[in-house]
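Q: Below is the structure, and that's it, no one-letter string:
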Ligand code: AMP
Ligand code: MG
């Protein structure tokens with residue numbers, strides 16, 4: 001059973017094997033609806049009203065209550081911000097909107113340097129929480145879950161499939177995915193895109209059980225201006241696209257974590273391999289010149 005839906009700015013495909021068609025269909029609809037709900041809760045785009053947008057426009061210092069669900073994801077994001085020494089930052093919404101990579105049509109030139117400078121200031125510890133809720137201490141401090149919410153949505157989708165009795169499935173949201181069980185007699189085979197040649201693969205993973213694979217790449221949303229590539233993964237230190245990587249793939253159980261860490265490692269570059277080394281992830285990093293580095297257990301995933 002295979003179905004696709006357009007969500008989160010991408011095609012999301014659901015594959016279920018080893019289950020009668022009608023039950024699989026029902027499970028897919030429940031998972032897709034849940035993922036759409038998650039998108040609506042976390043998005044800073046479009047016309048839907050949500051708590052995140054209200055927070056981003058609340059007066060400075062004013063407490064805003066965020067749902068338990070947002071709290072969990074925000075605390076996770078801030079923990080990863082901490083562990084990545086600020087490379088991952090869930091508060092760069094204003095800077096991200098200034099660049100406008102999610103707009104149609106997408107931008108062709110970088111914004112004014114002075115405005116970038118203004119929007120990147122004071123973002124590292126600008127979010128605060130107390131008994132009354134969350135508040136922000138600068139106008140440019142705006143939540144942006146673009147680096148983590150897709151992974152969280154995939155986890156929720158898988159959760160819903162499990163609730164419907166599904167044992168073998170794949171949810172693929174434009175290359176960011178999570179599998180469960182296996183594909184018939186075999187493991188799930190997952191190709192990893194070459195960052196400079198869409199027709200080539202960096203490798204094929206063979207996965208069984210509960211595993212997510214998330215890639216952050218500078219080829220996903222980008223433009224080239226005066227020979228320079230600008231893309232949607234921003235270095236909070238400079239306010240510009242991070243220049244240290246072409247792509248980073250992280251494999252681990254929960255897509256929320258592999259999503260956030262793929263973004264964090266992308267920004268940090270090769271040095272981040274030391275940080276993720278201690279985590280239950282496998283990582284493939286591709287640098288600016290196409291050079292590659294992989295974590296110790298990576299070869300076990302490739303056959
Ligand atoms: P991903 O494609 O998962 O690497 O996430 C990129 C998206 O996350 C962007 O479109 C922004 O919404 C957001 N983002 C960009 N740079 C960062 C960063 N340094 N930390 C956290 N989120 C970011
Ligand atoms: Mg990410």
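A: Here it is on my side, so go on. The structure presented is a predicted model; accordingly, all values stated were derived computationally and were not measured. Ligands and ions are numbered 1, 2, ... in the order given.
Q: Pull out the buried positions in stretch 232-242.
A: Neighbour-count burial for stretch 232-242, counted by 16 or more other CB atoms under 10 Å, picks out 232-236, 239-242. Every residue, glycine included, has its C-beta placed from N, CA and C.
Q: ranges for the helices of the stretch 201-303 of the chain?
A: Listed in chain order, the helices of the stretch 201-303 of the chain (DSSP state H, counting those that start in this stretch) span 255-268, 272-276.
Q: Is it possible to get TSV of the buried residues of stretch 232-242 that adds distance to ligand 2 and pLDDT?
A: Output for those, formatted as TSV (distance: CB to the ion, whole Å; pLDDT from 0 to 100):
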residue	distance to ligand 2	pLDDT
232	10	97
233	8	98
234	12	98
235	14	98
236	14	98
239	19	98
240	18	98
241	14	98
242	12	98
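Q: The residue of the stretch 51-200 of the chain found nearest ligand 1: how many residues sit nearby?
A: Per CB to the nearest ligand atom, residue 146 is where the stretch 51-200 of the chain lies closest to ligand 1, at 2.0 Å. The number of residues packed near residue 146 is 24, by other CB atoms under 10 Å.
Q: what about the closest residue to it other than its chain neighbours, neighbour count?
A: Nearest residue to residue 146 in three dimensions, chain neighbours excluded: residue 96, at 6.6 Å (CB to CB, 6 or more residues apart in numbering). Residues lying near residue 96 (other CB under 10 Å) number 20.
Q: Residue 96 and residue 147 touch, don't they?
A: No: Residue 96 lies out of contact with residue 147 (CB atoms under 8 Å); the separation is 9.4 Å.
Q: Show me what the longest strand along the chain is in contact with.
A: If you go by DSSP state E, the chain has its longest strand at strand 197-207. Applying CB atoms under 8 Å, 6 or more residues apart in numbering, the contact partners of strand 197-207 are 179, 186-195, 213, 219, 247, 249, 251, 284, 286, 292, 301-303.
Q: can you do 7 Å?
A: Applying CB atoms under 7 Å, 6 or more residues apart in numbering, the contact partners of strand 197-207 are 179, 187-194, 213, 251, 284, 301-303.
Q: State the distance from the residue nearest to residue 146 to residue 214.
A: Using CB to CB, to the nearest Å, residue 96 is found at 18 Å from residue 214.
Q: Ligand 2 is nearest to which of the helices of the stretch 201-303 of the chain?
A: Among the helices of the stretch 201-303 of the chain, the nearest to ligand 2 by CB to the ion is helix 255-268 (3.6 Å).
Q: ok so, going back, looking at the helices of the stretch 201-303 of the chain, which is buried most?
A: Mean neighbour count, computed with mean count of other CB atoms under 10 Å, is highest for helix 255-268 among those, reaching a mean of 28.
Q: what about that one, near ligand 2?
A: Yes: using CB under 5 Å from the ion, helix 255-268 reaches ligand 2 at 259, 262-263.
Q: follow-up on the earlier one: so the residue of the stretch 51-200 of the chain closest to ligand 1 is in which element?
A: Per DSSP states H and E, residue 146 falls between elements, in no helix or strand.
Q: Just the pLDDT for it.
A: On the pLDDT scale, residue 146 is placed at 98.
Q: what is the rounded mean pLDDT of the longest helix anywhere in the chain?
A: Counting by DSSP state H, the longest helix found in the chain is helix 21-42. Helix 21-42 carries an average pLDDT of 98.
Q: Now do the helix or strand just after it: distance to the chain's middle.
A: Following helix 21-42 in sequence order, the next helix or strand is helix 51-57 (DSSP H and E). Remark: helix 51-57 is offset 20 Å from the chain centroid, using CA atoms, centre = their mean, to the nearest Å.
Q: so which of the buried residues of stretch 232-242 comes closest to residue 208?
A: Closest approach between the buried residues of stretch 232-242 and residue 208, by CB to CB: residue 233, at 30.2 Å.
Q: So is stretch 65-85 next to ligand 2?
A: No: between stretch 65-85 and ligand 2, judged by CB under 5 Å from the ion, nothing touches; the nearest distance is 9.9 Å.
Q: Tell me the buried residues in that stretch?
A: 66, 70, 73-74, 76-78, 80-81, 83-84.
Q: before we move on, back to that, a markdown table for the helices of the stretch 201-303 of the chain, including mean pLDDT?
A: Converted to a markdown table, the helices of the stretch 201-303 of the chain look like this (pLDDT from 0 to 100):
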| stretch | mean pLDDT |
| --- | --- |
| helix 255-268 | 98 |
| helix 272-276 | 93 |
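Q: These: which one's closest to ligand 1?
A: Of these, nearest to ligand 1 by CB to the nearest ligand atom is helix 255-268, at 3.6 Å.
Q: Give me every residue in the protein lying close to ligand 2.
A: Residues of the chain lying near ligand 2 by CB under 5 Å from the ion: 147, 259, 262-263.
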